[in-house]
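Undergrad: Pasting the sequence and the predicted coordinates here, then a few questions.
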Amino acid sequence: MVSTPTTVAASGRQYLPVSTDNPASPNQSLLPLTAGVNRQDHLEIGGCDVVELVQRFGTPLYVLDEETLRTACRQYRQAFQQYYPGESLVIYASKAWNCLAVCAIVASEGLGIDVVSGGELYTALQAGMSAETMYFHGNNKSVEELTMAIETGCTIVVDNWLELQTLVGLAAEQPIRIMLRLTPGIECHTHEYIRTGHLDSKFGFDPVQLDRVFEFVSQHPQLDCVGLHAHIGSQIFELQAHQDLTGVMVQWLGKAAHYGLSIRELDIGGGLGIRYTESDDPPSIAAWAKVICEGIVTACQSQNLALPKLIAEPGRSLIGPACVTAYKIGNQKEVPGIRTYVTVDGGMSDNPRPITYQSVYRSVIANRMSAPLTQTVSVAGKHCESGDIVIKQADLPATEAGDVLVVMTTGAYNYSMASNYNRLPRPAAVLVNQGEASLILQRETYLDLVRQDCLPERLKSHG
Ligand SMILES: *Cc1c(COP(=O)(O)O)cnc(C)c1O
């Protein structure tokens, strides 16, 4: 029943995945792997008609495809098992989208998790994730967060001197399991705000301090330093940067040995890019993993070092392609000779990436999938910001109020960065799988919006 829409293909763009029998790497697909068009000419994801989902759950609506997320998890795990002769662990960088259901799915696929706040840690614990595969990141963890991490028993990825000293003070009989986050001094080509591996970064210890840090740790038995960590940035397409990183990290490993530290784990971070538009051409999950595994193995052999446990922590490439956001179209404004604005019932509050990083997205009209694309418009959000444009140039068929506009690849850093700007309640999210849709995030209500508000007595019942 599900077919590829000819008009979309005729426009020279192939949004729909070709087949799910032999799934491509999800990060190379614009739509979730289960996407298709049904007899009503509606977009279908996970066997669910997106137009029906919208009628049932309202808009804006995040639609998360379980199969795409699970496929990405499996591809990561299988690739590391295939290409790395030592032990490996894939952990989900949950800041991309942290909620109970997503944590439960990645845990059931055998992934660990990285968290960057007490709130993310709390959610992962509530989802039943176990502390042994939990890594706590952050460049300014509070004492409360560090205490919570110690009590939980997760590994703390130490970012700076203050944190090292605080941890020494907090340690009880049990040494605290830590990793050290180091800045590798590697430049990569991505947006300035999501670049983290260059020297001028707020994250991690500077490499010139390496000796001092290793010396400090070796003198403090309260700290059990099990690993070294680096993360060079996000939405990266070239493999070279990660290949370079493997060499740098194995050098650190050799240096740590001089201080008597027995480092057992190397965590090479995340960062693999995904396809937001047809011009994005990221390497596959397997290709990325292969370069990293081979890089570590080669560097360890040449330095005569035992293979560490290899950890990777992807976020965007696991969850990004698995989700779309459905909106209802409302007002349309034509500025003669300039452009047409097609306005949707959400925007920067459910997807702040365009206004933050000038991110580019693609969209389809879910209730008329095979309609010919006849106009290029700007899809505008409903917020009081001129910059609240979801898509600057969207090729769409003729549109009318009530149409369902679906923006693709919105799984990563959309819900997790969502806000209540203009007091919009945050959207609901549904998990779709084999024709079933389950609510995983309830739509916020107006009551939710005032739940934390306090009205001092003297302001009450004026008027
Ligand atoms: C954000 C982040 C990741 C994940 O990055 P992606 O580009 O989403 O894969 C991994 N590790 C750390 C420390 C991060 O801050």
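TA: Received the coordinates, thanks.
Undergrad: Could you pick out the residues of the stretch 351-463 of the chain near the ligand for me?
TA: Contacts of the stretch 351-463 of the chain with the ligand, taken as CB under 6 Å from any ligand atom, map to residue 412. Placement of C-beta: from N, CA and C, glycine included.
Undergrad: let's see 8 Å
TA: Neighbours of the ligand within the stretch 351-463 of the chain, by CB under 8 Å from any ligand atom: 412-413.
Undergrad: And the strands in the stretch 51-200 of the chain?
TA: For the stretch 51-200 of the chain, applying DSSP state E, counting those that start in this stretch gives strands covering 61-65, 88-93, 112-115, 134-136, 155-158, 176-181.
Undergrad: who wins for proximity to the ligand among those?
TA: strand 88-93 (3.3 Å; CB to the nearest ligand atom).
Undergrad: The closest one pairs with which strands, parallel or anti?
TA: Sheet pairing of strand 88-93 (DSSP bridges) gives strand 112-115 (parallel), strand 309-312 (parallel).
Undergrad: circling back: using a markdown table, lay out the strands of the stretch 51-200 of the chain together with distance to the ligand and mean pLDDT.
TA: As requested, the strands of the stretch 51-200 of the chain are exported to a markdown table (distance: least, CB to the nearest ligand atom, whole Å; pLDDT from 0 to 100):
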| stretch | distance to the ligand | mean pLDDT |
| --- | --- | --- |
| strand 61-65 | 16 | 98 |
| strand 88-93 | 3 | 98 |
| strand 112-115 | 6 | 98 |
| strand 134-136 | 9 | 98 |
| strand 155-158 | 7 | 98 |
| strand 176-181 | 7 | 98 |
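Undergrad: and of these, who's closest to residue 77?
TA: Ranking those by their distance to residue 77 (criterion: CB to CB) puts strand 88-93 first, at 5.5 Å.
Undergrad: Tell me which residues are up against the closest one.
TA: With CB atoms under 8 Å, 6 or more residues apart in numbering as the test, strand 88-93 has contacts from 73, 76-77, 80-81, 103, 106, 111-114, 133, 135, 267, 270, 293, 309-316, 318-319.
Undergrad: Export that strand to PDB, keeping only CA atoms.
TA: Taking Å, rounded to 0.1, in the frame of the first residue of the first chain, the C-alpha atoms of strand 88-93 are listed here in PDB:
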ATOM      1  CA  SER A  88      33.300  -1.300  23.200                       C
ATOM      2  CA  LEU A  89      30.300   0.600  24.400                       C
ATOM      3  CA  VAL A  90      28.000   3.000  22.600                       C
ATOM      4  CA  ILE A  91      26.400   5.600  24.900                       C
ATOM      5  CA  TYR A  92      23.600   7.900  23.800                       C
ATOM      6  CA  ALA A  93      24.300  11.600  24.300                       C
END
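Undergrad: got a list of what the residue in the stretch 301-450 of the chain that the ligand sits nearest to touches?
TA: Closest approach between the stretch 301-450 of the chain and the ligand, counting by CB to the nearest ligand atom: residue 315, at 2.8 Å. Residues counted as contacts of residue 315 (CB under 8 Å, 6+ apart) are 92-96, 234, 270, 412.
Undergrad: Compile those into a markdown table and extend it with columns for distance to residue 68.
TA: Below are those laid out as a markdown table (distance: CB to CB, whole Å):
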| residue | distance to residue 68 |
| --- | --- |
| 92 | 14 |
| 93 | 17 |
| 94 | 17 |
| 95 | 19 |
| 96 | 14 |
| 234 | 19 |
| 270 | 17 |
| 412 | 12 |
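Undergrad: out of the residues you listed, which is most surrounded?
TA: residue 92 (32 neighbours; other CB atoms under 10 Å).
Undergrad: Now for the closest residue to it other than its chain neighbours: which residues touch it?
TA: Nearest residue to residue 92, sequence neighbours excluded (CB to CB, 6 or more residues apart in numbering): residue 106, at 4.3 Å. Residues near residue 106 by CB under 8 Å, 6+ apart: 69, 73, 92, 94, 113, 318.
Undergrad: So which residues on the stretch 101-250 of the chain come close to the ligand?
TA: Proximity of the stretch 101-250 of the chain to the ligand (CB under 8 Å from any ligand atom) is limited to residues 114, 116, 137, 157, 181, 194, 196, 203, 229, 231, 233-236.
Undergrad: rewinding a little: now intersect the contacts of residue 315 with the helices, please.
TA: Using DSSP state H, no member of these falls within helices.
Undergrad: Pretty sure residue 449 is one of the things residue 423 touches, is it not?
TA: Yes. Using CB atoms under 8 Å, residue 423 makes contact with residue 449 at a distance of 5.4 Å.
Undergrad: which stretches of the stretch 51-200 of the chain aren't confidently modelled?
TA: Residue ranges of the stretch 51-200 of the chain with pLDDT under 70: 188-195, 197.
Undergrad: where do the helices sit along it?
TA: 66-83, 100-108, 118-126, 143-152, 161-170 (DSSP state H, counting those that start in this stretch).
Undergrad: Please identify the deepest-packed of those helices.
TA: helix 66-83 (a mean of 22; mean count of other CB atoms under 10 Å).
Undergrad: residues in contact with that one?
TA: By CB under 8 Å, 6+ apart, the surrounding residues in contact with helix 66-83 are 20, 23, 25-27, 29, 32-34, 46, 88, 90, 92, 102, 105-106, 109-111, 284-286, 288-290, 293-294, 310, 312, 314, 317-319, 321-322, 411, 431-433.
Undergrad: what about the longest strand along the chain and the ligand, touching?
TA: When the chain is parsed with DSSP state E, its longest strand is strand 323-335. No. Shown here: strand 323-335 not in contact with the ligand (CB under 8 Å from any ligand atom), separated by at least 13.6 Å.
Undergrad: Given the helix or strand following that strand, what are its sheet partners and their directions?
TA: Next helix or strand after strand 323-335 toward the C-terminus (DSSP states H and E): strand 339-344. Paired with strand 339-344 in the same sheet, following DSSP bridges, are strand 323-335 (antiparallel), strand 375-380 (parallel).
Undergrad: out of the ones you listed, which comes closest to residue 460?
TA: strand 323-335 (36.3 Å).
Undergrad: Show the contacting residues for the closest residue to residue 329 other than its chain neighbours.
TA: Distances taken as CB to CB, 6+ apart place residue 403 nearest to residue 329, at 4.5 Å, with adjacent residues excluded. Contact analysis of residue 403 by CB under 8 Å, 6+ apart lists 328-329, 365, 367-368.
Undergrad: Scan the residues you listed and report the most crowded one.
TA: residue 365 (25 neighbours).
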